[in-house]
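J.: here's a sequence, model it:
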Amino acid sequence: MLSIKDFIMKGIFKRAWIALLFMPVFFISCSSYRNSMTAYYDQLQAGNYDKALKKIEGSKFFKRTRNRLLFCMEAGKVSRLKNDYVASNVFFNEADDIMETFRKSAKDIALGKYHQPDDGSL
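T.: Purely as a prediction, here's the structure:
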């Protein structure tokens, strides 16, 4: 039979082992994002706003649906820096719509069961 100390140590060892297995995945994903964005930030710092916008428009990272909000925020920022206020407002309005949709859907998921039970009963 395991003592409490052995049981705790076994649990801690198991959690540490799992954490060690997932750390490279975390650092690789952060590193790949940073590497993919380096050219964009270089162009942005150099004041080449058209080239910076093309970098994020052509990025695989921003083509993913889940990254659309980040794309709209970055594109809005670049457009604002270019003094293209119409395009900037279009991007920022789309970003606002995405955030509003997320807020509503999260609220619906959290509160939906209480307002509209599935079986029709209260």
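
J.: what helix or strand does the residue lying closest to residue 98 once chain neighbours are set aside sit in?
T.: Excluding its sequence neighbours, the residue lying closest to residue 98 (CB to CB, 6 or more residues apart in numbering) is residue 69, at 4.7 Å. Backbone N, C-alpha and C define where each C-beta goes, glycine included. When secondary structure is defined by DSSP states H and E, residue 69 falls within helix 68-81.

J.: what of residue 41?
T.: Using DSSP H and E, the element containing residue 41 is helix 4-46.

J.: next SSE downstream of that helix?
T.: Past helix 4-46, further along toward the C-terminus, the next helix or strand under DSSP H and E is helix 49-57.

J.: contacts for the helix or strand just after that next one, please.
T.: Later in the chain than helix 49-57, the nearest helix or strand by DSSP H and E is helix 60-63. Counting contacts by CB atoms under 8 Å, 6 or more residues apart in numbering, the residues outside helix 60-63 that touch it are 33, 36, 37, 56, 67, 68, 70, 71, 74.

J.: in what helix or strand does residue 101 lie?
T.: Taking DSSP H and E as the criterion, residue 101 maps to helix 85-115.

J.: the residue nearest to residue 98: what's it in contact with?
T.: 95, 98, 99.

J.: count the residues that sit near the nearest residue to residue 52 once chain neighbours are set aside.
T.: With sequence-adjacent residues excluded and distances taken as CB to CB, 6+ apart, residue 52 is closest to residue 43, at 3.9 Å. By the criterion of other CB atoms under 10 Å, residue 43 has 19 neighbours.

J.: and the pLDDT for residue 43?
T.: Listed pLDDT for residue 43 reads 93.

J.: that one is in contact with residue 56, isn't it?
T.: No: with contact taken as CB atoms under 8 Å, residue 43 and residue 56 are classed as non-touching, separated by 9.5 Å.

J.: so where's the protein uncertain?
T.: 1-32, 105-122 (pLDDT under 70).

J.: what's the neighbour count on the residue lying closest to residue 49 once chain neighbours are set aside?
T.: Counting by CB to CB, 6+ apart, the nearest residue to residue 49 once its immediate chain neighbours are dropped is residue 82, at 4.3 Å. The number of residues packed around residue 82, counting by other CB under 10 Å, is 15.

J.: appreciated, that's everything.
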